[in-house]
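Participant: Next come a sequence and a model predicted from it.
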Amino acid sequence: MPRDYDRSEIPSVYNLEEVTPFRDEPGFQQVVFRGIDQMVGFSQVTPEKEDGEPHTHPYEQMNMLVEGRLDFLVDGERVELEPYDTLAIPPEVPHTSRTVEGETATLLAFWPLREDRLAGTAYQDEFPEL
């Protein structure tokens, strides 16, 4: 995994509302931000998002709902998140989410550095060798 960075670009601050989404699908937009060993996904989820099938990944995922409400399905159990609720999903546990009652939600997801999301961080000047 790329771990080098340009020290002359530190500190670096980005407003994630101004970054072009890495994922932009009906009802779902996501911007990613990386550090040396971790990433943050900043997601906007709207009622237009279709319900997705549960999925897994080989790492833990931490989630914090910033606004709105989301209905998560985690390992077959439903849980509704309200603002500032935080949810940990262990590795290999099936999960998915959807909005509640037509609300728009803003979610932060925290992951280890993910190769499949690195291209979404090309806007970060401190990591020029992607």
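Facilitator: Here it is on my side, so go on.
Participant: Can you pull up the most central residue in this protein?
Facilitator: Gly41 (2.4 Å; CA atoms, centre = their mean).
Participant: Can I take it that it is in a strand?
Facilitator: Yes. Assignment of Gly41 by DSSP: H, G, I helix; E, B strand; the rest coil places it within a strand.
Participant: mind listing what the residue nearest to it when sequence neighbours are not counted touches?
Facilitator: Nearest non-adjacent residue to Gly41, counting by CB to CB, 6 or more residues apart in numbering: Ala109, 4.0 Å away. To be clear about C-beta, it is placed using only N, CA and C from the backbone, and glycine gets the same treatment. Taking CB atoms under 8 Å, 6 or more residues apart in numbering as the criterion, Ala109 is in contact with Val40, Gly41, Ser43, Gln61, Met62, Asn63.
Participant: For the last one, the count of nearby residues, please.
Facilitator: Taking other CB atoms under 10 Å as the criterion, the count of residues near Asn63 is 21.
Participant: Return the list of helices and strands in contact with the helix or strand of the chain with the lowest mean pLDDT.
Facilitator: Across the helices and strands of the chain, mean pLDDT, DSSP states H and E gives its lowest value to strand 95-99, namely a mean of 93. Applying 3 or more CB pairs under 8 Å, 6 or more residues apart in numbering; DSSP states H and E, one finds that strand 95-99 makes contact with strand 38-45, strand 70-74.
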